[in-house]
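>>> Predicted coordinates and the sequence they were generated for:
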Amino acid sequence: MSLPERRRSARHRRALAYWAVILGLYVSLAVGASLVPPAWLHMPALFAHLGSVIVGLGAAVVLEFTGLLWIADRRSLGDLRMNERLISIVAWIGILGLLASGAFLHPNLSDPKTIVKMLAVLLVAMNGVAMTRLTDELGRLPAQVPFRSIPRSLKVWCVWSAVVSQTGWWTAVILGMLNTASH
């Protein structure tokens, strides 16, 4: 397959992934808004939700820390790519776990904190999809290229993606904690 065909195929997969994220969040919120789960289900759903936060945020922290090590010239781009292939799966498991378990926590969609939290989760997931393009671009570079030698636009993209990821994850964590504390 030629490079233009691969890029077109990757764009198509990303478009499907964006729609899957939107649909997944919609279904989670629709179930959460219409279903009042039995009391016995709250604790297992909360446990699954907190576990999903740990898994997803932990994966994001490890991946972005590896990127920081590449920026500091302490790891290679090849190391980052290898970690990304393994860790991105774990991050997606965390996001999927959040959507699935969150549906059974009966989110209060009239609470502004909940809305912002859900937007943060949406941002994290959409950024995860967008990062597949960044990963493709980094995949075209030699494994030993130092961060300082890549094009400026790629540097900005790398840093921006990491900032968006961490901001989204920590916003969701803090607002989730505040929501739990206020109930």
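Everything's here; your move.
>>> Same question for A143, what's its three-state structure.
For A143, the secondary structure call by DSSP: H, G, I helix; E, B strand; the rest coil comes out as coil.
>>> This structure: helices as residue ranges?
Taking DSSP state H to define them, one finds helices in the chain at 3-34, 39-71, 77-102, 112-139, 152-181.
>>> chain center to the second one: distance?
Relative to the centre of its chain, helix 39-71 is centred 10 Å away, using C-alpha atoms, centre = their mean, to the nearest Å.
>>> before we move on, what about stretch 102-109?
Using C-alpha atoms, centre = their mean, the offset of stretch 102-109 from its chain centre is 20 Å.
>>> Go through that stretch and flag the buried ones.
By neighbour count with 16 or more other C-beta atoms under 10 Å, stretch 102-109 contains the buried residues G102, A103, F104, L105, H106, P107. Where you see a C-beta, it was placed from the backbone N, CA and C, and this is true even at glycine.
>>> ok so, going back, could you dump the helices of the chain into TSV with distance to V145 and mean pLDDT added?
As requested, the helices of the chain are exported to TSV (distance: least, C-beta to C-beta, whole Å; pLDDT from 0 to 100):
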stretch	distance to V145	mean pLDDT
helix 3-34	19	94
helix 39-71	10	96
helix 77-102	5	96
helix 112-139	9	96
helix 152-181	10	94
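>>> Reformat the ones you listed as a markdown table; add distance to P146.
As requested, these are arranged in a markdown table below (distance: least, C-beta to C-beta, whole Å):
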| stretch | distance to P146 |
| --- | --- |
| helix 3-34 | 25 |
| helix 39-71 | 8 |
| helix 77-102 | 8 |
| helix 112-139 | 13 |
| helix 152-181 | 11 |
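>>> K155 and A72: what is the separation?
Shown here: K155 relative to A72, a distance of 13 Å by C-beta to C-beta, to the nearest Å.
>>> the more surrounded of these two?
Each of K155 and A72 has its neighbours counted (other C-beta atoms under 10 Å); K155 has more, 14 against 9.
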